[in-house]
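A.B. asks: Have a look at this prediction, sequence included:
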Amino acid sequence: MSVRVLLVDDHSLVVEGLTNLLAAYGLEVVATARDGLEALAAARRCRPDLILMDIRMPRCDGLTATRLIKAELPELKIVMLTTSAEDDDLSEAIKSGACGYLLKSASSHQFAEALQGLEQGIPPFRRAWPSRFYASSPAWRASRARLHRPQRRCRRSATRV
């Protein structure tokens, strides 16, 4: 079964290009939206596995839309896909409930790797961002805990004679 994606961006060329790229990697775009309000309606209607959300859009931006969607449908995974490399946008995305943050300047290979990692429970974030942002993300902490579980060690009990 392929991953069902809601693609949210106000630029038609970006939407068409991403739809083709996602299809090439086996993901199905089940709906598109041009702003946050359309995204909320589409999320309610389609219940996608993943939402790829731009930040800067008319009427209702991606950060507001993320908060609205997560308030109603907390199980949905939302990854911000944006041109903004600003720390403030990353911080707000995490606070809003996004489980990942990718830049549109990524190569198609990097993009595909990030989405494959998401399927394995690894939130897609740009590696260069400071860890203080990751630390505030419950999804990031959970994935780190899974990857870095300490091995259990047996304790030898000392016996006295």
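C.D. replies: Yep, that arrived.

A.B. asks: Could you use CA atoms for every contact and neighbour count after this?
C.D. replies: Fine.

A.B. asks: What are the phi and psi values at the residue nearest to the spatial centre of the chain?
C.D. replies: Compute the mean C-alpha point of the chain, and by C-alpha atoms, centre = their mean the closest residue is residue 79, 2.4 Å away. Per-residue torsions, residue 79: phi -120, psi 130 (degrees, to the nearest 10).

A.B. asks: Residue 101 too?
C.D. replies: Taking degrees, to the nearest 10 as the convention, residue 101 sits at phi -150, psi 110.

A.B. asks: looking at the sheet around it, what are its partners?
C.D. replies: residue 80, residue 125 (DSSP bridges).

A.B. asks: In a strand, residue 66, correct?
C.D. replies: No - the assignment for residue 66, made by DSSP: H, G, I helix; E, B strand; the rest coil, is helix rather than a strand.

A.B. asks: Are we agreed that residue 59 is in a strand?
C.D. replies: No - counting by three-state DSSP, residue 59 is not part of a strand but coil.

A.B. asks: any idea where the helices of the chain begin and end?
C.D. replies: 12-24, 36-46, 62-72, 87-96, 108-119, 131-135, 138-147 (DSSP state H).
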